[in-house]
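# Next come a sequence and a model predicted from it.
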Amino acid sequence: MVKILIKKINKNTSLPEYKTKGSSGMDLLANIDKPIKLASGETKLISTGIAVAIPKEFEIQIRPRSGLAAKSGISVLNTPGTIDSDYRGEIKVILINLSKKSFIINKNDRIAQMVLCPIIKGVFEEVEELPKTVRGNRGFGSTGS
């Protein structure tokens, strides 16, 4: 287990939690005063009411909730969103409505999930040529459908 320090922005904020022992993500809840209408094709920044501090070798990824995406067409725009280890502000989620109908976000609705992930930093070494592979520089569907 990795310790995550968490701060409530206001007293009525619900803390994220794992719903099952096998869950990799914790649900983030909408911390809003009144319902927010998300029209078809619209994006909105939704408050969660929490801020965190995590160890420097980790990040938190903000991801869509599969049920919300499948049932209502609601997703996280910049998925996965990244919360860096040195960020101390409120976690907010950019939601997008990909459906044809408006969607209402209510206080304490589960809007996204956050997953703690380890970070491995790389060091660049500039070279004149990259090692050859069978695939080479063919991309964007070159390995099949």
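Structure received. Numbering: from 1, shown residues only.
# Using the three-state scheme, assign Leu68.
helix (DSSP: H, G, I helix; E, B strand; the rest coil).
# Give the bridge partners for the nearest residue to it once chain neighbours are set aside, please.
Spatially, and ignoring its direct neighbours in sequence, Leu68 is nearest to Ile74 (4.6 Å; Cβ to Cβ, 6 or more residues apart in numbering). C-beta here means a position set from N, CA and C on the backbone, and glycine is covered the same way. Taking DSSP bridges as the rule, Ile74 bridges to Asn97.
# Walking through this structure, point out its strands one by one.
Ranges of strands in the chain, per DSSP state E, are 5-8, 26-29, 36-38, 43-47, 50-53, 58-63, 74-76, 81-83, 92-97, 103-105, 110-118.
# Could you name the stretch from the ones you listed that's closest to Asn137?
strand 81-83 (27.9 Å; Cβ to Cβ).
# Which residue, other than its chain neighbours, is closest to Asn60?
Not quite, residue 60 is Ile, not Asn. Per Cβ to Cβ, 6+ apart, closest to Ile60 is Ile83, 3.9 Å.
# burial count for that neighbour?
19 (other Cβ atoms under 10 Å).
# Cool, thanks, talk later.
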